[in-house]
Each structure stands twice: as structure tokens, then as C-alpha cells.
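In: need a structure here:
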Amino acid sequence: MMADTAKNAKRVAVVFPGQGSQSVGMMNELAEQFSEVQAAFDEASAALGFDLWEVTQDETRLNKTEYTQPALLTASIAIWRILQDKLSAKDAAPMYLAGHSLGEYSALVAAGVLSLGDAAKLVHERGRLMSEAVSGMDTQMAAVLGLEDEQVASLCEEASQNAGIVNPANFNSPGQVVVAGTQVGVAAVLGAVEALGKKAVPLKVSVPSHCELMNPASDALAALLGETNFNEPQIAVIQNRHAKVHSDLAEIKTALIEQLSMPVQWAKTMQKMAACDVELIIECGPGNVLSNLAKRQAEPIAALPSDKLARLEKLEAALSEE
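Out: Residues are numbered from 1 along each chain as shown. Next up is the predicted model:
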């Protein structure tokens, strides 16, 4: 059964970041204060068969997607474990969990659906499959700013017909849509955006996530998920594919498979939380990308990161406010 959160003192949701939030030494400060950090990395390393903590200290390896993904997942779960007592003490069990792209796996670990070890192996292989799917291709992702979702989708469709494959990848907030595809396809969209007097920013990523170029990786991921043990969620997880909560395990797996080649519906996820009167979003993982996005939604929600000691102190103070 999912946790009953009707009596929460504060209406809280917890979100987990995806690729792009990693940085060398991202967990060093917390590791000095909390044993949960090293314990989580030891657990994931044992499952993977290599030292994941060393990866977080090595920029070259950390930025390769097959290593980025398990490192971010494990960092997020280490912080989640640190937060457990703090949330419990404030009677602030989360109403919802959600994760942006890769972060959805972190959310499912936090919800009890996956073990950390199984999830680390899954995302390590997920990253490898994603890289393999576009091996030898020139690909790109870019953030388009200042256009409606429908306008960006139309530009992608036109570019795909006339230049090269490009799809909307992340609907992050009103006026911010990330596109992904072949380099020539993305370039065509960027040119069209500039012609409309709007801005587009190329992103430094190694793999174009959430576009049709990931279809081969989706097929292989489906086989892996079929071999992995999934448990009933103990906390509701809003999944990326349709910004919906699934309790049926087959539906959870299907959403993960489709997520790889279909866009992340992050703005709709935030809309769902706002409609349920979430008062505070806690970003559980390195960085503050999702905290910033929460403030840019049609209905902004207060959001706080939790990856530094000072940020944890600020979060505890916010949880104590009436």
C-alpha cells in the first residue's frame, strides 16, 4: 500500500535530478558528515563491480553517460537516506516523488520499487545502451526558450522532414523546451528559433535522450526490466511519460521503457503537484536545477535543494515553519 500522507504537517514532494546535475566531488562535503553517503556508494559499487565513489572524483569518467547515471542515482539515494530522519521528525512524509529523466529511477528506489543495487545496474546498462544507439552519429540537444510547446513541436516536425531527426525531449516549464536529435536536425530547429527572434542554447551532453534515436535502446531496456525485481510502491511516484502515478508494476515498467524515447513531461508533473496543493518541493540530489524549474512553472511552488550542509540547514528550518 502507498503511504497515507493525509495528515502531513506540511505538504511536501521530493524530486530527483537527472543528467547534467553531476559535478566532480559532488558528495564530498556530505560524505564527511554522514555515513549514509559512503554506505550507499559501497552498496552500489558492490552491485556494479567497480568503485563508483572513484567515478565521482574523475571528471572524464563521471561525464560518460554509463557512469554518470549510476553516480547520480547513488548520490541522490544517499541524500534521500540522510533526509529520512529529518522528514520523519517534522511529520513531513512526501505526498509524491518524481524524478527528471534518469531521476525517475532514483524516485523508484526511494519509493521501494527497486533496490539501490538493481537500479544502479539498470541505469549503468541504460547509459551504455543509449551511447551504443547513437554510436558514430553526430547528435545534439538544445534548450529552446520563449516559445510555446506546440510551436517547438511544429518546428521539430518540419526539421525532421527536411533536415534530420529532431524531437521535443523535455517539456521543462512554460517557455523552456529541450530538443534532441541529429546535429543537422537540431541545427535546423535552432535556425528557425533564431529567425523567430527567440533564443536557443546548445547543451553539453553526450547522448540525445528522449528522442526517436533512442528506440533501439528502449527495446533492449525492456528486456532488462523484465529480468529485474520490482516491488509495489510505498510512496506515489509521478512518472515522466504521462505525468501520471502508476501502481501496477507492468505500467511502471512500460512508462520507463517509453520514457527513453519520448519527452519528459516535467511541466505537467509540476502542475499535478500544484493542483494537489504541494507546499514545498525538496530537490534530493546534486545541484539545484529542479528547484529553479519549480519556480518557473505556471503555478510556482517553493523548492529547496539539499546537497550541501548549509542547504540542509535551510531545509530543516523551512520544514519547521508553520
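
In: so what's residue 15 bridging to?
Out: Legend: beta-bridge partners of residue 15 under DSSP bridges are residue 98, residue 283.

In: how many neighbours does it have?
Out: 30 (other C-beta atoms under 10 Å). In short, each C-beta sits where N, CA and C put it, glycine included.

In: below-threshold pLDDT in the protein: ranges please.
Out: 1-9, 322 (pLDDT under 70).

In: okay, the host helix or strand of residue 43 in PDB with CA atoms only?
Out: Here residue 43 sits within helix 35-48, counting by DSSP states H and E. The C-alpha coordinates for helix 35-48 follow below in PDB (Å, rounded to 0.1, in the frame of the first residue of the first chain):
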ATOM      1  CA  SER A  35      27.900   7.800   7.000                       C
ATOM      2  CA  GLU A  36      24.900   7.200   4.700                       C
ATOM      3  CA  VAL A  37      26.900   8.600   1.800                       C
ATOM      4  CA  GLN A  38      29.700   6.000   1.800                       C
ATOM      5  CA  ALA A  39      27.300   3.200   2.700                       C
ATOM      6  CA  ALA A  40      25.200   4.000  -0.400                       C
ATOM      7  CA  PHE A  41      28.200   4.100  -2.700                       C
ATOM      8  CA  ASP A  42      29.600   0.900  -1.200                       C
ATOM      9  CA  GLU A  43      26.200  -0.800  -1.800                       C
ATOM     10  CA  ALA A  44      26.100   0.400  -5.400                       C
ATOM     11  CA  SER A  45      29.700  -0.400  -6.100                       C
ATOM     12  CA  ALA A  46      29.200  -4.000  -4.900                       C
ATOM     13  CA  ALA A  47      26.400  -4.400  -7.300                       C
ATOM     14  CA  LEU A  48      28.300  -2.800 -10.200                       C
END
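
In: packing partners of it?
Out: Contacts defined by 3 or more C-beta pairs under 8 Å, 6 or more residues apart in numbering; DSSP states H and E place helix 35-48 against helix 28-33, helix 52-55, helix 65-89, helix 116-133.

In: tell me what the second one is packed against?
Out: What that stands for is helix 52-55. Judged by 3+ C-beta pairs under 8 Å, 6+ apart, helix 52-55 is in contact with helix 35-48, helix 59-62, helix 65-89.

In: looking at the ones you listed, which is nearest to residue 160?
Out: For those, proximity to residue 160 was assessed by C-beta to C-beta; helix 65-89 is nearest, at 23.5 Å.

In: in the closest one, what's buried?
Out: 65-83, 87 (16 or more other C-beta atoms under 10 Å).

In: which parts of this protein are strands?
Out: Counting by DSSP state E, the chain has strands at residues 12-16, 96-99, 139-145, 166-173, 176-182, 199-203, 236-239, 244-245, 280-283, 302-305.

In: for the longest one, what is the distance to the chain centroid?
Out: Strand 166-173 sits 13 Å away from the centroid of its parent chain (C-alpha atoms, centre = their mean, to the nearest Å).

In: contact partners of it?
Out: With contacts defined as C-beta atoms under 8 Å, 6 or more residues apart in numbering, strand 166-173 is touched by 100-101, 141, 143, 149, 152-153, 156, 159-160, 177-182, 185-186, 188-189, 208-212, 263-268, 270, 293, 296-297.

In: mind giving me the ChimeraX command for buried ones among those residues?
Out: In ChimeraX syntax, the buried subset of these is picked out as below (16+ other C-beta under 10 Å):
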select :100,101,141,143,149,152,153,156,159,160,177,178,179,180,181,182,185,186,188,189,208,209,210,211,263,264,265,266,267,268,270,293,297
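
In: touching, residue 288 and residue 305? I think so.
Out: Yes. Look at residue 288 against residue 305 with C-beta atoms under 8 Å: they come within range, at 4.0 Å.

In: those two: who's more crowded?
Out: Higher neighbour count among residue 288 and residue 305: residue 305, with 24 against 19, using other C-beta under 10 Å.

In: beta partners of the more buried one?
Out: residue 283.

In: for residue 56, give its distance to residue 76.
Out: For residue 56, the distance to residue 76 equals 12 Å [C-beta to C-beta, to the nearest Å].

In: which residues do these two both contact?
Out: By C-beta under 8 Å, 6+ apart, no residue touches both residue 56 and residue 76.

In: and the protein, what are its domain boundaries?
Out: Following automatic domain parsing, one gets these domains for the chain: 12-133+213-320, 139-206.

In: residue 148: neighbouring residues, count only.
Out: 11.

In: please state the offset of stretch 249-269 from the chain centre?
Out: With C-alpha atoms, centre = their mean, you get 11 Å for stretch 249-269.

In: pipe the strands of the chain into JSON lines and attach distance to residue 38 per row.
Out: Putting the strands of the chain into JSON lines (distance: least, C-beta to C-beta, whole Å) gives the following:
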{"stretch": "strand 12-16", "distance to residue 38": "20"}
{"stretch": "strand 96-99", "distance to residue 38": "23"}
{"stretch": "strand 139-145", "distance to residue 38": "33"}
{"stretch": "strand 166-173", "distance to residue 38": "32"}
{"stretch": "strand 176-182", "distance to residue 38": "34"}
{"stretch": "strand 199-203", "distance to residue 38": "32"}
{"stretch": "strand 236-239", "distance to residue 38": "27"}
{"stretch": "strand 244-245", "distance to residue 38": "33"}
{"stretch": "strand 280-283", "distance to residue 38": "22"}
{"stretch": "strand 302-305", "distance to residue 38": "21"}
